[in-house]
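Enquirer: Have a look; sequence and predicted model below, questions after that.
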Amino acid sequence: MQDHRAVGVREETFRLIVETIPGLITVTTPTGEVDHVNGQVLEYFGRTLEELKNWGSTDVVHPDDLPRFTVAWQRAIETGLPFETENRLRRFDGEYRWFQSRGLPLRDVDGRIVRWYYLLTDIDDRKRAEERIQASESEYRRIIDAIPQLISALSPDGRVLYYNQGAFEYTGLEAADLAAPDLHARLIHPEDLDRSLEGRERGLEQGRPFELEMRCRHHAGQFRWCLIQYKPVRDEQGRIVRWYATGTDIHERKLTEDQIKDENLVLRQEISRASMFEEIVGASPALKTVLSHVSKVAPTDSTVLISGETGTGKELIARAIHKHSRRAERAFVSLNCAATPTSLIASELFGHEKGAFTGAAQQRRGRFELAHAGTIFLDEIGEIPMDTQIALLRVLQERHIERIGGSRAIPVDVRVIAATNRDLSEAITAGTFRSDLFYRLNVFPIVAPPLRKRREDIPILVEYFVKRFAEKMAKRIRRIEKHTLELCERYSWPGNIRELQNIVERSVILCSGDTFSIDEAWLSSQVPRLPDGSSRLPDSLEDQEREMIEAALAKSKGRVAGPRGAAAKLGIPPSTLESKIKQLKIEKSRFTTAP
């Protein structure tokens with residue numbers, strides 16, 4: 001009797017526990033007939049126990065979920081194994097809510113199932129949140145699939161989890177291929193595979209955004225260059241939970257870069273061929289003609305006269321001739337005749353003995369002696385005074401010199417290269433240059449073309465000077481503005497290569513980025529030029545110059561050359577003064593009778 005009471009108490013206790021559990025509890029027979037439900041079940045469905053016993057023929061389970069629920073339940077009855085499903089159940093007011101259904105069998109001591117216990121947990125809020133998330137994910141996936149880039153999601157260790165539609169279409173892969181162990185080997189060009197995998201592993205370890213360039217297999221079968229950019233996504237604790245990789249096809253850009261590199265290589269080779277003579281840079285027909293003449297005359301000992309405007313590179317041509325001559329290992333000695341005082345030119349050329357003139361405190365060797373067995377370059381030869389021209393003519397004829405103040409003939413073996421920016425024919429006509437000296441010098445004439453007649457070389461020269469000055473100033477200039485090259489090609493360059501060099505140097509100094517440009521204002525004005533290439537001064541300055549020359553002529557009584565001549569008083573070569581007198585149409589004769 002006591003045992004029955006104790007059992008009754010326990011059952012009542014269990015019943016109270018079942019009634020208070022916040023879930024829907026159902027107890028069925030081994031065959032599935034409803035035997036007992038708690039109050040929450042009756043309250044939720046709004047039905048009696050009798051009405052719920054035949055649940056299979058009612059609308060308790062959502063029609064769309066009923067087949068799945070029935071199959072799971074029947075399998076559990078047959079196998080005796082616990083089961084779990086998710087399905088929608090109809091509430092008393094007709095609304096369906098999601099429930100998680102868990103079934104657990106109760107067995108007797110012989111292992112036979114005597115009861116099934118079901119716990120139905122309301123998960124409707126969770127399921128609706130999941131549906132919203134799935135809908136949002138679906139929307140985002142549609143957006144990602146519509147992006148014309150290749151997008152993939154990776155696990156923290158770099159395993160590929162997801163490709164967008166663009167990636168699948170580009171590569172021709174399918175979802176099943178993402179798990180393939182040889183995925184990268186199938187996608188990446190063999191020559192890029194090791195480098196890319198090493199860079200990828202290193203970037204994943206560092207945990208920072210990084211990018212790689214590699215050739216990826218296109219669905220058509222060929223490999224195309226792609227830029228892959230990796231970016232990590234972290235959780236609230238800062239741990240990487242995903243890597244997202246974005247791929248961009250850069251094949252056309254890479255081809256263009258390779259083409260530019262090839263063109264630059266060809267250009268450099270062309271420059272190398274065209275500048276085999278020192279720093280003479282260019283490949284224009286006019287320059288090629290000059291270089292052809294240089295290559296032919298260089299091996300000889302013939303005297304060369306180089307003519308051309310200021311800044312055309314006459315000295316570079318002279319050095320090129322020397323470098324490719326049999327005298328290349330010996331001295332190259334130069335003298336700018338226009339920059340040397342008239343009274344000192346003879347001493348500079350031929351040297352002097354001690355005491356030869358005031359200030360000659362010791363013996364000095366001249367440029368001809370210093371250039372023995374080598375080459376002497378006489379720049380601005382048209383500025384040599386007449387008395388020195390006679391001495392130079394003698395050296396060219398007899399191949400020996402006499403120092404000023406000396407009487408001993410000193411043999412010299414010197415190759416002479418002269419240069420001028422003047423028209424020596426006009427100087428001969430004006431009586432400022434000896435014709436016999438001209439013919440001695442003009443054995444092999446070379447004309448240095450002005451920059452305006454070799455415009456094809458301007459881009460090459462700009463690139464050459466930009467690189468040269470950028471390296472000198474430790475600047476990284478990667479490209480030249482197209483508009484700048486167009487400006488340079490249109491400009492007439494009255495100062496020729498020297499002017500171009502100076503403007504490029506000035507622009508490199510001011511350049512603050514990696515793109516070179518020239519201020520358009522620097523090329524907007526040109527110096528007006530006369531037909532003979534000389535510049536005309538503004539009237540006010542021209543009048544001032546005339547007054548200075550006339551005052552000097554008056555003091556020298558019309559004499560131009562000599563230590564007391566007007567040229568010495570003005571500090572310019574006599575030939576230059578003669579040219580100015582002719583240009584300004586000054587009559588020297590009216591000063592010869594001045595007191």
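Expert: That came through, no problem.
Enquirer: what sits up against stretch 567-576?
Expert: If you take C-beta atoms under 8 Å, 6 or more residues apart in numbering as the criterion, stretch 567-576 is touched by 337-338, 341-343, 382-386, 427, 432-433, 548-549, 552, 555-556, 560-562, 565, 577. C-beta coordinates here come from the backbone N, C-alpha and C atoms, glycine included.
Enquirer: Just give me the residue right at the centre of the chain.
Expert: The chain has Arg478 as the residue nearest its centroid, 4.3 Å off, counting by C-alpha atoms, centre = their mean.
Enquirer: tell me the phi and psi of that residue?
Expert: Main-chain dihedrals, Arg478, degrees, to the nearest 10: phi -100, psi -30.
Enquirer: what residues are up against the closest residue to Arg455 other than its chain neighbours?
Expert: Excluding its sequence neighbours, the residue lying closest to Arg455 (C-beta to C-beta, 6 or more residues apart in numbering) is Glu489, at 5.5 Å. Contacts for Glu489 (C-beta under 8 Å, 6+ apart) come out as 455, 458-459.
Enquirer: From those residues, which land in helices?
Expert: If you go by DSSP state H, these have 458-459 in helices.
Enquirer: Among the contacts of Glu489, pick out the one closest to Ile518, please.
Expert: Nearest to Ile518 out of the contacts of Glu489 is Ile458 (C-beta to C-beta; 11.6 Å).
Enquirer: The contacts of Glu489 into CSV, with extra columns for neighbour count?
Expert: Shown next, in CSV, are the contacts of Glu489 (neighbours: other C-beta atoms under 10 Å):
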residue, neighbour count
Arg455, 16
Ile458, 22
Pro459, 17
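Enquirer: right, and out of the contacts of Glu489, which lies closest to Ile401?
Expert: Checking the contacts of Glu489 against Ile401 with C-beta to C-beta, the nearest one is Ile458 at 42.7 Å.
Enquirer: related to what we said a few turns ago, for the buried ones among the contacts of stretch 567-576, write the corresponding ChimeraX selection.
Expert: Buried subset of the contacts of stretch 567-576, written as a ChimeraX selection, criterion 16 or more other C-beta atoms under 10 Å:
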select :337,338,342,382,383,384,385,427,432,433,549,552,556,560,561,565,577
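Enquirer: returning to that earlier point: I'd like to know how far the residue nearest to Arg455 sits from Val462.
Expert: Glu489 is 9 Å from Val462, where distance means C-beta to C-beta, to the nearest Å.
Enquirer: what's the weakest-modelled helix or strand in this structure?
Expert: Sorting the helices and strands of the chain by mean pLDDT, DSSP states H and E puts helix 2-20 at the bottom, at a mean of 57.
Enquirer: tell me the contacts of Asn116?
Expert: Not Asn; residue 116 is Trp. 27-30, 32, 76-77, 103-106 are the contacts of Trp116 under C-beta under 8 Å, 6+ apart.
Enquirer: how about a cut-off of 6 Å?
Expert: 28, 103, 105 (C-beta atoms under 6 Å, 6 or more residues apart in numbering).
Enquirer: Equivalent analysis for Cys337, please.
Expert: Contact analysis of Cys337 by C-beta under 6 Å, 6+ apart lists 380, 383-384.
Enquirer: Next, Thr121: phi, psi?
Expert: phi -110, psi 130.
Enquirer: What does the nearest residue to it once chain neighbours are set aside show for phi and psi?
Expert: Spatial nearest neighbour of Thr121, excluding adjacent residues (C-beta to C-beta, 6+ apart): Gln100 at 4.6 Å. Per-residue torsions, Gln100: phi -100, psi 120 (degrees, to the nearest 10).
Enquirer: what number of residues lie near Gln100?
Expert: 16 (other C-beta atoms under 10 Å).
Enquirer: Roughly how far does it sit from Ile113?
Expert: 22 Å.
Enquirer: Can you show me the strands along the stretch 301-450 of the chain?
Expert: Using DSSP state E, counting those that start in this stretch, the strands of the stretch 301-450 of the chain run over 304-307, 332-336, 351-352, 364-365, 375-379, 400-401, 410-411, 415-420, 444-447.
Enquirer: pLDDT (mean, whole number) over the third one?
Expert: Here the mean pLDDT over strand 351-352 is 86, rounded to a whole number.
Enquirer: Kindly report the same for the fifth one.
Expert: Across strand 375-379, the average pLDDT comes to 94.
Enquirer: So for that strand, what gets flagged as buried?
Expert: In strand 375-379, counting by 16+ other C-beta under 10 Å, buried: 375-379.
Enquirer: and the angle for the helix or strand encompassing Ala286 with strand 415-420?
Expert: Per DSSP states H and E: Ala286 is located in helix 285-297. Calculated by axes from the mean of the first three to the mean of the last three C-alpha atoms, to 10 degrees, helix 285-297 forms an angle of 160 degrees with strand 415-420.
Enquirer: and helix 285-297, what other elements does it pack with?
Expert: If contacts are counted by 3 or more C-beta pairs under 6 Å, 6 or more residues apart in numbering; DSSP states H and E, helix 285-297 sits against no helix or strand.
Enquirer: for the residue nearest to the centre of the chain, what are its contacts?
Expert: In this structure, Arg478 makes contact with Asp514, judged by C-beta under 6 Å, 6+ apart.
Enquirer: could you measure it against Asn87, distance?
Expert: Taken as C-beta to C-beta, the span from Arg478 to Asn87 is 66 Å.
Enquirer: Over to Pro385?
Expert: Pro385 is 118 Å from Asn87, where distance means C-beta to C-beta.
Enquirer: try Phe469
Expert: Distance, Phe469 to Asn87, by C-beta to C-beta: 80 Å.
Enquirer: one step back: how about the helix holding Ala286, which residues are buried there?
Expert: Result for helix 285-297 [16+ other C-beta under 10 Å]: buried residues 286-287, 290-291, 293-294, 297.
Enquirer: next one: stretch 327-341
Expert: With burial defined by 16+ other C-beta under 10 Å, the residues of stretch 327-341 counted as buried are 327, 330, 332-335, 337-338, 340.
Enquirer: Of these, which is the nearest to Ala167?
Expert: Ala167 lies nearest to Phe332 out of those, by C-beta to C-beta, at 65.7 Å.
Enquirer: gap between that closest one and Gly565?
Expert: Shown here: Phe332 relative to Gly565, a distance of 33 Å by C-beta to C-beta.
Enquirer: got it, and Glu43?
Expert: The spacing between Glu43 and Gly565, counted by C-beta to C-beta, is 131 Å.
Enquirer: closest to Arg91 out of the strands of the stretch 301-450 of the chain?
Expert: Closest among those, once you apply C-beta to C-beta, is strand 444-447, at 105.8 Å.
Enquirer: And for the closest one, what's in contact with it?
Expert: 293, 297, 302, 304-308.
Enquirer: same thing but 10 Å
Expert: With contacts defined as C-beta atoms under 10 Å, 6 or more residues apart in numbering, strand 444-447 is touched by 286, 289-291, 293-294, 296-297, 300, 302-309, 312, 314, 317-318, 321, 417, 419, 453.
Enquirer: Can you pull the poorly scored residue ranges out of the stretch 51-200 of the chain?
Expert: 54-58, 133, 136-138, 140 (pLDDT under 70).
Enquirer: How are the strands of it distributed by residue range?
Expert: Secondary structure of the stretch 51-200 of the chain by DSSP E, counting those that start in this stretch: the strands cover 83-90, 96-107, 113-122, 150-154, 160-163.
Enquirer: do the same with the stretch 451-595 of the chain
Expert: 479-480, 515-516.
Enquirer: still on that earlier bit, could you measure from the residue nearest to the centre of the chain over to Phe465?
Expert: Counting by C-beta to C-beta, the gap from Arg478 to Phe465 is 16 Å.
Enquirer: likewise Arg132?
Expert: In terms of C-beta to C-beta, Arg132 sits 66 Å off from Phe465.
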